[in-house]
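Novice: sequence unavailable; structure follows:
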């Protein structure tokens, strides 16, 4: 069941873990271990999500209607106990709202001289 609000902005700001879970699910459906590995790879190890953090975040995201559990299995996946997660349309809207919020924050930092155009 979706959260009390249908406005993505009401859930912001997201934690880095929440945001990256949504980002990797925007690319394709994944099981929990795949989410943890994809976040680690995408962030070059800067963000590592442990199982406790991952599954409590997944439970909240399902409750809020951002993701759903699917019955599909990943290619070459032989463990049927693995649950696969799919980003919902509302979850995509939440991810976009957070990306826009972060982009505005980066722009503010640039305007204040805290960040150069190509600083990483």
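Specialist: Received it, and whenever you're ready, just let me know what you need. Everything numeric in this text was worked out from a predicted model, so none of it was measured.
Novice: which residues touch the helix or strand that residue 34 is a member of?
Specialist: Using DSSP states H and E, residue 34 sits in helix 32-42. Residues from elsewhere that reach helix 32-42, judged by Cβ atoms under 8 Å, 6 or more residues apart in numbering: 17, 20-21, 23-25, 27, 30, 47-51, 54-55, 58, 74, 82-83, 85. Where you see a C-beta, it was placed from the backbone N, CA and C, and this is true even at glycine.
Novice: pretty sure residue 69 is touching residue 83, no?
Specialist: Yes: with contact defined as Cβ atoms under 8 Å, residue 69 and residue 83 form a contacting pair (5.1 Å).
Novice: show me the strands in the chain, by range?
Specialist: In the chain, the strands defined using DSSP state E lie at 30-31, 67-70, 84-87.
Novice: against which helices or strands is the shortest one packed?
Specialist: Strand 30-31 sits against strand 84-87, with contacts defined as 3 or more Cβ pairs under 8 Å, 6 or more residues apart in numbering; DSSP states H and E.
Novice: for the strand it packs on, buried residues please.
Specialist: Buried residues in strand 84-87, defined by neighbour count with 16 or more other Cβ atoms under 10 Å: 84, 85, 87.
Novice: and the nearest residue to the last one once chain neighbours are set aside, how many neighbours does it have?
Specialist: In this structure, residue 87 finds its nearest non-sequential neighbour in residue 25, 4.0 Å apart by Cβ to Cβ, 6 or more residues apart in numbering. Residues contacting residue 25 under the criterion other Cβ atoms under 10 Å number 25.
Novice: against residue 110, how distant is residue 25?
Specialist: 29 Å (Cβ to Cβ, to the nearest Å).
Novice: so where's the protein shaky on pLDDT?
Specialist: 1-4, 72-81, 117-120 (pLDDT under 70).
Novice: and if we set it to 90?
Specialist: 1-6, 71-83, 115-120 (pLDDT under 90).
Novice: may I see the buried residues of the longest helix along it?
Specialist: Longest helix in the chain, counting residues (DSSP state H): helix 89-111. Across helix 89-111, burial judged by 16+ other Cβ under 10 Å covers 90, 91, 93, 94, 95, 97, 98, 101.
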